[in-house]
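> here is a sequence together with a model predicted from it:
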There are 2 protein chains.
Amino acid sequence: MSGTLYVVGTGPGNPDQMTPEAARAVSASIEFFGYFPYIDRLSLRPDQRKVASDNREELNRAQAALRRAAEGVNVCVVSGGDPGVFAMAAAVCEAIDAGPAAWREVDLVVVPGVTAMLAVAARIGAPLGHDFCAISLSDNLKPWAVIEKRLRLVAEAGLVTALYNPISKARPWQLGKAFEILRAELPAETPVVFGRAAGRPDEQMLVMPLGEADAGRADMATCVIIGSAQTRVIARNGRPDLVYTPRFLPPEAT
Amino acid sequence: MSGTLYVVGTGPGNPDQMTPEAARAVSASIEFFGYFPYIDRLSLRPDQRKVASDNREELNRAQAALRRAAEGVNVCVVSGGDPGVFAMAAAVCEAIDAGPAAWREVDLVVVPGVTAMLAVAARIGAPLGHDFCAISLSDNLKPWAVIEKRLRLVAEAGLVTALYNPISKARPWQLGKAFEILRAELPAETPVVFGRAAGRPDEQMLVMPLGEADAGRADMATCVIIGSAQTRVIARNGRPDLVYTPRFLPPEAT
């Protein structure tokens, strides 16, 4: 009989932002597969075991977890944030799709979580207050030309855009180029939020107008939210600015 | 001295999908503003009070809550899901933006939650596994022509689309029209997920190809996820189909 394969997101990193459902899935699991900094956010019992795997090899990791679940072990594949957003749930499904028939019999339970853009949005106001999109800026996963096309189209559509994986040592110029593309489509004063480590002790929130947005202010732990032409900033005395996108889009704005 | 105004999402409706942070905000509040079915998901103490307000009047409700917070009361504005996604956080920011200076002094704490599309996606596999968007189909909030334009542009961009507020008594034809627009842009076999009450006892998940997608299968509690041309279905013996969007977009697909 197969074990259960849980795919869990830890949320943004603050244990208070992880749901009881996710905590229960962790408690029910014996072997843990994932990027170690995510697994290390969990308090594991002595009978629970971290399994090492190459950080960049998500498909291998998914296969290793499925193999153990098919052998009858309850396993947990751990992502940060929500496991369905640029994370391990898709990798597990890919492995099942291409894998042996036995993997389709594994009891698969994906547990939703708080993804980074929601945590960042909450800390700054309501920048995702109307239609929005989430785009990964990693061109490991798709051709850069597709990313450029998507950025132009979503800006034309008037969506707020959350950028995941905005920058890394191997991808140093992509975020700057994304700002350049969006500057051609959106007003220079459009608010850009750099949300780093939302909800964690090392949290940093920064708001800049798109015209001055500096890609150097982002790192791998940053989610960048670029407003639409409707997004507004509220200045407050002695408190951080609020950024929000109104729910209503007046006909004259279209 | 002003009270704290918490803006909280209950998550999809299963108490196990609400974060400890949200539970603590509820515990710290004395007066609760929101659509009663959402507030009724909380177990309030005898000293905690529900405040009635017109369900459709989100701005009035936000103003009433800000007024009480400015008077020194700890209040909680309650949404379903995540309060920043088509919910009360934007209404509260709008009220602050247009309101008296004292409202900018209110201690505002927005608590993120699990929004419907993440809960639905988790139950069905990983349909949001790559770039995606969230669009409200309510034309109370914006002109219908804008919605049509957005649907065409995001389909052209290759994004997966989550539709919120897909249908209601007052808006019976909009979802059917959205399918018609997307059928002109996407393959007929593109998977469409109707996710109703994800994570609750009355949950219903239904997958249909876009060519046959029937708007009559949705109600107000449904989040509809329409795949991209890359989205795939995995059939499983004796288990529900899985729907996922691969993380990689091969160059030949663009």
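That came through, no problem.
> let me see the contact set for the nearest residue to A:Glu189 once chain neighbours are set aside.
Once flanking residues are discounted, A:Glu189 sits nearest to A:Pro209: 4.8 Å by Cβ to Cβ, 6 or more residues apart in numbering or on different chains. Any C-beta I mention is one placed from the backbone N, CA and C, and that applies to glycine too. Listed by Cβ atoms under 8 Å, 6 or more residues apart in numbering or on different chains, the contact set of A:Pro209 reads A:188-192.
> buried ones among those residues?
The neighbour-count test (16 or more other Cβ atoms under 10 Å in any protein chain shown) marks A:190-192 as buried among the contacts of A:Pro209.
> relative to chain B, which of these is nearest.
A:Pro191 (12.3 Å; Cβ to the nearest Cβ).
> list the contacts for the closest residue to that closest one other than its chain neighbours?
Spatially, and ignoring its direct neighbours in sequence, A:Pro191 is nearest to A:Gly227 (4.5 Å; Cβ to Cβ, 6+ apart). By Cβ under 8 Å, 6+ apart, A:Gly227 lies in contact with A:127, A:160, A:186, A:190-193, A:210, A:243, A:245.
> walk me through the domains of chain A.
Domains of chain A are assigned by automatic domain parsing as A:4-114, A:117-253.
> could I get those as CSV with distance to B:Glu31 and mean pLDDT?
As requested, these are arranged in CSV below (distance: least, Cβ to Cβ, whole Å; pLDDT from 0 to 100):
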stretch, distance to B:Glu31, mean pLDDT
domain A:4-114, 23, 94
domain A:117-253, 21, 96
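> would you list these in TSV and tack on distance to B:Val77?
What follows is the domains of chain A, written out as TSV (distance: least, Cβ to Cβ, whole Å):
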stretch	distance to B:Val77
domain A:4-114	18
domain A:117-253	12
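> could you report the neighbour count for the nearest residue to A:Val78 once chain neighbours are set aside?
Of all residues not flanking A:Val78 in the chain, A:Gly34 sits nearest, at 3.4 Å (Cβ to Cβ, 6+ apart). Neighbours of A:Gly34 under the rule other Cβ atoms under 10 Å in any protein chain shown: 28.
> distance check, A:Gly34 against chain B.
15 Å (Cβ to the nearest Cβ, to the nearest Å).
> kindly report the same for A:Val243.
Distance, A:Val243 to chain B, by Cβ to the nearest Cβ: 8 Å.
> quickly find the element holding that residue.
strand A:239-244 (DSSP states H and E).
> returning to that earlier point: who's the residue nearest to A:Glu189 bridged to?
Listed by DSSP bridges, the beta-bridge partners for A:Pro209 are A:Pro191.
> what about the helices in chain A?
With helices called from DSSP state H, chain A shows them at A:20-27, A:36-39, A:58-70, A:88-98, A:116-124, A:144-157, A:174-183.
> identify, out of those, the most deeply packed stretch.
helix A:116-124 (a mean of 29; mean count of other Cβ atoms under 10 Å in any protein chain shown).
> mind giving me the packing neighbours of it?
Secondary-structure packing of helix A:116-124 (3 or more Cβ pairs under 8 Å, 6 or more residues apart in numbering or on different chains; DSSP states H and E): strand A:160-164, strand A:191-196, strand A:204-209, strand A:222-226, strand A:239-244, strand B:107-111.
> next, the angle from that helix to strand A:239-244.
On the basis of axes from the mean of the first three to the mean of the last three Cα atoms, to 10 degrees, helix A:116-124 is oriented at 130 degrees to strand A:239-244.
> distance of the residue nearest to A:Gly72 when sequence neighbours are not counted from A:Trp173?
Counting by Cβ to Cβ, 6+ apart, A:Gly72 lies nearest to A:Gly3, which is 5.0 Å off, once chain neighbours are set aside. Remark: distance between A:Gly3 and A:Trp173 (Cβ to Cβ, to the nearest Å) = 44 Å.
> neighbour count winner among the two?
The neighbour comparison of A:Gly3 against A:Trp173 (other Cβ under 10 Å) goes to A:Gly3, with 20 against 11.
> is it true that that one touches A:Cys76?
No: contact criterion Cβ atoms under 8 Å: A:Gly3 and A:Cys76 do not qualify, at 10.4 Å.
> neighbours around the closest residue to A:Arg200 other than its chain neighbours, how many?
Setting aside the residues directly before and after it, A:Arg200 is nearest to A:Gly13 in space (Cβ to Cβ, 6+ apart), at 4.6 Å. Neighbours of A:Gly13 under the rule other Cβ under 10 Å: 23.
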